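Engineer: coordinates for the following, if possible.
(4 chains)
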Protein chains: 2
Amino acid sequence: MTTATAFASAPTATRSIGRTPAVAFERHDEIGLAELQAHVPAVRRKIAQGQYLYRAGQPFAALFLVNTGCFKTCELAEDGREQVTGFRMRGDLVGVESIGLSQFACDVVALEDGEVWELPYPPMLTACLRIPVLQARLTSALAEEVRRDRLWMLALGTLGAERRVAAFLLDLAERHARLGFSGRHFILRMSRADMASYLALKHETVSRALSRLDALGHIAVQRREIRILDADGLRHGAEAVH
Amino acid sequence: MTTATAFASAPTATRSIGRTPAVAFERHDEIGLAELQAHVPAVRRKIAQGQYLYRAGQPFAALFLVNTGCFKTCELAEDGREQVTGFRMRGDLVGVESIGLSQFACDVVALEDGEVWELPYPPMLTACLRIPVLQARLTSALAEEVRRDRLWMLALGTLGAERRVAAFLLDLAERHARLGFSGRHFILRMSRADMASYLALKHETVSRALSRLDALGHIAVQRREIRILDADGLRHGAEAVH
DNA sequence: CGGCTACTTGAGTATTCTCAAATTGTGTGG
DNA sequence: CCACACAATTTGAGAATACTCAAGTAGCCG
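Structural biologist: Model (predicted):
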């Protein structure tokens, strides 16, 4: 599943929820930030809510490592069809899908104020040549991206609306927990419409599914605040596997 | 879109269709077969219809370059849910999704008798270190895989059944054409059930969609033989974008 | 030429979507 | 700080799409 949400040091209204940022640097180092910094002139860049990190068609010149905030990646077809293909948060590497192209292949939008490390790509490439470990990690990150997308395709193809929403919440919870925050209580960074697009549903359907999961006692929903009350209930939901 | 079908020198009943194999080696060289052969002990391996090229859980030790035949990649969840995530044909590199793991992450099954080049991974890695171009191509191949999957997610999320089937056929046609075969007349290598799984539909729905596209005059279907009569009709189908 | 599997088609059902309205939040200006 | 306008969310009712179940047909293998 490709999803996300976290708010390391998110400066938003609901910041009261969630523990201190502090930890949760592991994933940065998974892609070798330490080695990177020695060879690639990484630049911190702040992005305001609603801003594009990049848009399809802009020259591809860098990858981005999310430090704070939450971003959505969107595919956009010529005929206007549009789809959210993932949510990226702290520790996620953004832009890898555009490697090998001269222009970015999709849009990335900040769902809240955030900060990224911009990693200029040519320097990144030469660094990879010098540091095999870095290369291996980049490759692994790409492969993992493929696996995530495939798992999400499996969910889309085999789960009904309610279980799809449940799976999404579980994925968020897990990513959240991995970043050192509570996996049982978090704030959705995206609108119902964004969730719906990612889940290949309509926002009304997502809303209904959330209400129903709430009524079943599996979660407690209050607008964007989610509390996981019964993870197993969510996982094995009553709905049949179709 | 992640799809495929081709039959370079397919030894099947319907081989009469399509031109001679001969050409269509470009994609092999896209990933640097020439350079590869000098450094990686590639082994030809024949796979019979229905055989697994590999299964999830088997030790990951090689990538595979499809020479002939058509393969499907399948995700399988612990709870039994199953989904075809793509079709691979001549020139496609198979196994990249498992890079970075010790075991393969999915199943790959031959839809017809075929042959692959087995590229042992450790030698592949060291070759990449020596030949930057090869490394770059591997990375590009991975990134393209991500883009394909994302485009397919867009289709799944925004198109109704009939247009999904149409998009699938157009994708097959294009890949087929790129391999030097007719893009207007080809044989499906997969069953309706496999198509359906990939398209996140039921096989009956796929069947109906094909019949309807036939009735509309956009295609001519006869079991697995497809003739594209009106590509634009397929592309812009009457169905509304929902 | 069976027996089998794959495919097609029909009829009724279920799920999700569409359209519409009500509600709750949020941000802004007075 | 409150009132208002706007955006996001929830909920309902009916419609549409895709699914399920079932039967029938057609090609393939032995």
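Engineer: surely residue A:190 meets residue A:71?
Structural biologist: No. With contact defined as CB atoms under 8 Å, residue A:190 does not count as touching residue A:71 (9.8 Å). Every C-beta, even on glycine, is put in place using the N, C-alpha and C of the backbone.
Engineer: name the helices or strands packed onto the longest helix along chain A?
Structural biologist: What stands out as the longest helix in chain A, according to DSSP state H, is helix A:132-158. Identification of packing neighbours for helix A:132-158 by 3 or more CB pairs under 8 Å, 6 or more residues apart in numbering or on different chains; DSSP states H and E yields helix A:33-39, strand A:82-88, helix A:121-130, helix A:161-178, strand B:71-76, strand B:82-88, helix B:121-130, helix B:132-158.
Engineer: buried stuff in that helix?
Structural biologist: Neighbour-count burial for helix A:132-158, counted by 16 or more other CB atoms under 10 Å in any protein chain shown, picks out A:134-158.
Engineer: cool, stretch A:183-196 as well?
Structural biologist: Of the residues in stretch A:183-196, A:183, A:185-190, A:192, A:194-196 count as buried by neighbour count, 16+ other CB under 10 Å.
Engineer: still on that earlier bit, what sits in contact with each of residue A:190 and residue A:71?
Structural biologist: Shared contacts of residue A:190 and residue A:71 (CB atoms under 8 Å, 6 or more residues apart in numbering or on different chains): A:87, A:111.
Engineer: quick one: the spatially closest residue to residue A:55 that is not a sequence neighbour from residue A:71, how far?
Structural biologist: Of all residues not flanking residue A:55 in the chain, residue A:107 sits nearest, at 5.0 Å (CB to CB, 6 or more residues apart in numbering or on different chains). For residue A:107, the distance to residue A:71 equals 10 Å [CB to CB, to the nearest Å].
Engineer: how about residue A:211?
Structural biologist: To residue A:71, residue A:211 is 27 Å away according to CB to CB.
Engineer: who has more neighbours out of the two?
Structural biologist: Ranked by neighbour count (other CB atoms under 10 Å in any protein chain shown), residue A:211 and residue A:71 place residue A:71 first, with 28 against 11.
Engineer: quick one, grab the pLDDT at the nearest residue to the more buried one once chain neighbours are set aside.
Structural biologist: Nearest residue to residue A:71, sequence neighbours excluded (CB to CB, 6+ apart): residue A:88, at 4.5 Å. Predicted confidence (pLDDT) for residue A:88: 97.
Engineer: distance of residue A:88 from DNA strand C?
Structural biologist: 22 Å (CB to the nearest atom of the strand, to the nearest Å).
Engineer: and what of residue A:208?
Structural biologist: Per CB to the nearest atom of the strand, residue A:208 is found 8 Å from DNA strand C.
Engineer: likewise for residue A:93?
Structural biologist: According to CB to the nearest atom of the strand, residue A:93 and DNA strand C sit 29 Å apart.
Engineer: next up, phi/psi of that residue, please.
Structural biologist: With angles defined as degrees, to the nearest 10, residue A:93 sits at phi -100, psi 120.
Engineer: what's the answer for residue A:91, then?
Structural biologist: Per-residue torsions, residue A:91: phi 90, psi -10 (degrees, to the nearest 10).
Engineer: my read: it touches residue A:180, true?
Structural biologist: No. With contact defined as CB under 8 Å, residue A:91 does not reach residue A:180; the gap is 10.6 Å.
Engineer: and the two? Which one has more around it.
Structural biologist: Neighbour comparison, residue A:91 and residue A:180: the larger count goes to residue A:91, with 23 against 19 (by other CB under 10 Å).
Engineer: which intervals of chain A have sub-threshold pLDDT?
Structural biologist: Along chain A, the model assigns pLDDT under 70 to residues A:1-35, A:238-242.
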